[in-house]
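S.K.: with the sequence up front, the predicted model follows.
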2 protein chains.
Amino acid sequence: MTDVVLHEQGNSRKTATLYFQLAEDLAQAIANGTLQPGEKLPSIRRLSAQRQVSLSTVMEAYRELEDRGLIEARPQSGFYVRAARGFAVPDLTQPPQKPSEVVVDPLLAPAELARLHDLKVDFGLAILSPKLYPNQQLQRILAQVTRHDPDILSDYGNPIGDLELRRQIARRSLIWGGQIDAEEIIVTNGAIEALNLCLRAVTQPGDVVAIESPAYFGLLQILESFQLKALEIPTHPQTGISIEALELATRNGEVKACVLLPNFSNPLGSLMPDENKRRLVELLDTRGVPLIEDDIYGEFYNHGERPRPAKAFDKTGNVMLLASFTKMVAPSFRVGWVVAGRWHRELEQLKFINTFSTPVPLQRAIARFLENGGYDHHLRRLRKACAEQVNAAVSAIQRYFPGDTRLHVHVPQGGYVLWVELSARVDTLELLQRALAEGISFTPGPLFSPSNSYRNCLRICCVEPWTIRHERAIQRLGELAGDF
Amino acid sequence: MTDVVLHEQGNSRKTATLYFQLAEDLAQAIANGTLQPGEKLPSIRRLSAQRQVSLSTVMEAYRELEDRGLIEARPQSGFYVRAARGFAVPDLTQPPQKPSEVVVDPLLAPAELARLHDLKVDFGLAILSPKLYPNQQLQRILAQVTRHDPDILSDYGNPIGDLELRRQIARRSLIWGGQIDAEEIIVTNGAIEALNLCLRAVTQPGDVVAIESPAYFGLLQILESFQLKALEIPTHPQTGISIEALELATRNGEVKACVLLPNFSNPLGSLMPDENKRRLVELLDTRGVPLIEDDIYGEFYNHGERPRPAKAFDKTGNVMLLASFTKMVAPSFRVGWVVAGRWHRELEQLKFINTFSTPVPLQRAIARFLENGGYDHHLRRLRKACAEQVNAAVSAIQRYFPGDTRLHVHVPQGGYVLWVELSARVDTLELLQRALAEGISFTPGPLFSPSNSYRNCLRICCVEPWTIRHERAIQRLGELAGDF
């Protein structure tokens, strides 16, 4: 790491950035197939002229790509693209078949790690870079909205939310075939409040809740605080929770609710096919088990159309769908929402007594942003940036991680987190300590499991534009993992 | 009511307002002792010249005051102030001595009544008029703060709150002798979130919580949702909860927490003397029962100095103090806070998992408003307006309510709600139905008690500048109460 830091901080910073940028562009072209395995790269002289950089910059970039194992020099001939190393095909996870008491170690939470350590590269926090958000635009809209009607500053607001915003949310649900009425929507302080309210509505302390495995530790912390037990259901890194396993698990009536992220779950990034979603909704409806569906990553698809929430297949009101504008538009606004189906009245009441209402000016500003079309443009940019960040991380892991590493997906279909399975020898809790000592953070696997499974796994969040810092941090993580 | 409405909406609106304003000024002067019982009022001609209004306006005003029973005409002599009718001295309340399951009828909540009925005058909602808030000023500050640093729009923020705001809160605690450090403060989505988090930290479903009697129904709804039982403690309308009764009630170890509003409780408006606060804190500390102190009305004192929270007497961290800027500055911002004493770590964690954080731009705007001195000026105006509204309501009730009515305090010491005890004959649930039919709302007594006590009591919120509409509504309520 020391070299890199010197490079970046010293006089040669500009050169370092130039050659690295060039190397990145070429790596990208190799990753996306523009440059095929076995294909010859342009000569150093030609690329130097094309990119208007010095010969030595091109040479440094080629050396970098050689170091990464992406290209090879053939004597008297030039540089050629090497065949990429593949990853093992991911398997269904195999958590224990009994419910677990939930106890989350708060000291392993990424925010806590960031607070306690001086981090150079933080792959732990799932918080996207401020650069990716439309802050200037939203700032102007917020100022307009409040200047035009200053009295909204003293408006307690409708506890279920501002009608203008609820209408926009309803309108957008048409995109995935939702027939949601504005009156069914309850605005919350972020998706996290919605999740709290849904669980308060349908569970009692001691109840068992079925979850994906691995599952987001934030969910586990909420289960812990309500003294709920978690039943981890086997989950496929590509297609999500196993319907068969869930079918078995819900037979004895013990499971009182099910919390899932069918679209780009965190940390697996899995996406349930529509057919699975339909079967999921039917199964849980038959069993009388409410489905709490967290769709906060649903807009982060890489290609094709926006995936449908499982709620799209709900005919009986058994699905509570929750989502948020936090990760998509304005983290500081804390504006989320929930459509609670047959628990609408309970949720309305719970929202009222948990925080009374959500700040009206912030709701109104988001409504205007949605209405005036800036939103879709912004989402396209955000999706593209996230996909690029994830691709860069995938190829870096491909280059630098030990050969027996499994990536849960070769080409993630959405979201911006990666789940990495290392050799069984590796203990990621120990790896984390070694990485923290070098200023690198990530989230160790056991944090995603109440049974402390996944000791050899870790989550990498790809939240910033990829740079040489990130590249070197992944390289170092790979080396540290190789030491086990 | 019909007459009044015609008056207000017709051509004579200006005249009606003129005479009413004059009558109000005189009633105020009588209420505050500027005009003493037995004193002669100015002649009609003289007052007409002084106030530059017509003779008939003065005559109408005097007739109005005569109707209200405030002045009397003595033949050949003029008008004289009559002796005011006194109210009975309030007693300690006598709730049942056993814990109650809590079930609140949501249909009686003021917000629900306002939603379902077309109200002309709403004494139910404890929501102050938008006119009383510094909306323009705050709007400018919010625009400045976000324009200067648009990146705070994408800032998740520190879950425990913005440091700038926490410093301002700490600084202001010096006023009542608090030695609070910014690091002890956790910012929440209004006081209501803080109350939820405090209860989540120290109770389990089925636990018994000691509360004032009568108690705010919002608190009761929260207890209900957590399946907590309520033990109503006898409370004095002037000096608050009975320490002796609490001493007895906490002997058997059944009470697991105590929630109180020592400063201007809602609905009684009682203010605990410092000595009682000291004894309260010592008692609960000895008993190992955490005190959750809700101080949202602490700034609404009518005279003298800001009353100290019980927290000021806490030496062991057994008191959790919570408050909010909602009622004082910006209802729509939903910014509250809590100092959780020895439960700080638990509250920090609970805040994190309940709503993650509080919107940073709104916290920052309030911090700037506190810092730049507009706050104190605003508070003085707000306090004055509330006191005037309460005084006007007290004298109207004095005039129009049946003779056996008790007001919990002659001159309320703070807050903006009134607790009125009517003759035992009156059923305020039935009275409410009759009042609603005429477009008038208030909150009936049983809503403030899990044992459904206080059927002959009601709460009146004084949230707007007093007008002839309010005057007539109180008159009509008095007539309806007299029908029982």
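M.R.: Structure received.
S.K.: ok, the residue nearest to A:L436 when sequence neighbours are not counted to chain B distance?
M.R.: Excluding the flanking residues, the one nearest A:L436 by Cβ to Cβ, 6 or more residues apart in numbering or on different chains is A:H117, at 5.1 Å. C-beta: built from backbone N, CA, C; applies to glycine. According to Cβ to the nearest Cβ, to the nearest Å, A:H117 stands 16 Å off from chain B.
S.K.: do the same with A:N135
M.R.: Counting by Cβ to the nearest Cβ, the gap from A:N135 to chain B is 4 Å.
S.K.: do I have it right that that residue meets B:R147?
M.R.: No: look at A:N135 against B:R147 with Cβ atoms under 8 Å: they stay out of range, at 10.5 Å.
S.K.: more neighbours, these two?
M.R.: Counted by other Cβ atoms under 10 Å in any protein chain shown, A:N135 and B:R147 do not tie: A:N135 has more neighbours, with 21 against 13.
S.K.: wait, doesn't A:T316 sit right on A:P290?
M.R.: No: using Cβ under 8 Å, A:T316 is not in contact with A:P290, being 10.4 Å away.
S.K.: now do the shared contacts for these two.
M.R.: Taking Cβ atoms under 8 Å, 6 or more residues apart in numbering or on different chains as the criterion, A:T316 and A:P290 both touch A:G341.
S.K.: the two: which has the busier surroundings?
M.R.: A:P290 (25 against 12).
S.K.: now do the contacts for the more buried one.
M.R.: A:C198, A:V202, A:A257, A:C258, A:L284, A:N318, A:V319, A:M320, A:G341, A:W343.
S.K.: burial check on the residue nearest to A:Y216 when sequence neighbours are not counted, number of neighbours?
M.R.: The spatial neighbour of A:Y216 that comes closest, neighbours along the chain excluded (Cβ to Cβ, 6+ apart), is A:N266 at 4.5 Å. Neighbours of A:N266 under the rule other Cβ under 10 Å: 25.
S.K.: likewise A:I192?
M.R.: Residues near A:I192, counting by other Cβ under 10 Å: 26.
S.K.: which residues are in contact with the helix or strand in which it is found?
M.R.: Assigned by DSSP states H and E, A:I192 belongs to helix A:190-202. Residues outside helix A:190-202 that contact it (Cβ under 8 Å, 6+ apart) are A:186, A:188, A:209, A:218-219, A:222-223, A:226, A:228, A:256-257, A:259, A:290, A:292, A:294, A:296, A:320, A:322-324, A:326, A:334-338, A:340, A:343, A:346-347, A:350-351, A:354-355, B:225, B:353-356.
S.K.: which bits of the stretch 251-400 of chain A sit near chain B?
M.R.: By Cβ under 8 Å from any Cβ of the partner chain, the residues of the stretch 251-400 of chain A that approach chain B are A:326, A:330-334, A:349-350, A:352-362.
S.K.: where does A:V58 land in three-state SS?
M.R.: Recorded secondary structure, A:V58: helix (DSSP: H, G, I helix; E, B strand; the rest coil).
S.K.: quick one: residues contacting it.
M.R.: A:Y19, A:L22, A:I44, A:L47, A:S48, A:R51.
S.K.: of the contacts of helix A:190-202, which belong to helices?
M.R.: Among the contacts of helix A:190-202, the ones falling in helices (DSSP state H) are A:G218, A:L219, A:I222, A:L223, A:E346, A:L347, A:L350, A:K351, A:N354, B:S225, B:I353, B:N354.
S.K.: tell me the one among these nearest to B:Q97.
M.R.: Minimum distance to B:Q97 across the ones in helices among the contacts of helix A:190-202 is 24.7 Å, recorded for B:S225 (Cβ to Cβ).
S.K.: was I right to think the closest one contacts A:I353?
M.R.: Yes: if you go by Cβ under 8 Å, B:S225 and A:I353 touch, sitting 5.8 Å apart.
S.K.: who has more neighbours, those two?
M.R.: A:I353 (24 against 21).
S.K.: could you list the low-pLDDT ranges of the stretch 51-200 of chain A?
M.R.: Applying pLDDT under 70 to the stretch 51-200 of chain A flags the ranges A:83-90.
S.K.: redo that, cut-off 90
M.R.: Counting by pLDDT under 90, the stretch 51-200 of chain A shows low-confidence ranges at A:51, A:63-78, A:80-93, A:105-109, A:111-112, A:114-115, A:174-179.
S.K.: around chain B, pick out the residues from it.
M.R.: So the stretch 51-200 of chain A meets chain B at A:106, A:111, A:127-128, A:130, A:132-133, A:135-136, A:138-139, A:142-143, A:146-147, A:150-157, A:159, A:189-190, A:192-193, A:196, A:200 (Cβ under 8 Å from any Cβ).
S.K.: so what's A:L268 up against?
M.R.: A:E212, A:P214, A:T235, A:P237, A:G240, A:H408, A:W419.
S.K.: and the helix or strand where the third one lies, what does it pack against?
M.R.: This means A:T235. A:T235 is part of strand A:229-236 when elements are defined by DSSP H and E. Judged by 3 or more Cβ pairs under 8 Å, 6 or more residues apart in numbering or on different chains; DSSP states H and E, strand A:229-236 is in contact with strand A:208-213, helix A:217-225, strand A:240-241, helix A:243-249.
S.K.: quick one: contacts of the shortest one?
M.R.: Among residues not part of strand A:240-241, those counted as contacts by Cβ under 8 Å, 6+ apart are A:212, A:233-235, A:260, A:262, A:265, A:268, A:270-272, A:276, A:280.
S.K.: so what strands line up beside that strand?
M.R.: Using DSSP bridges, strand A:240-241 pairs in its sheet with strand A:229-236 (antiparallel).
S.K.: show me where the stretch 51-200 of chain A has helices.
M.R.: A:55-67, A:110-116, A:135-148, A:163-173, A:190-202 (DSSP state H, counting those that start in this stretch).
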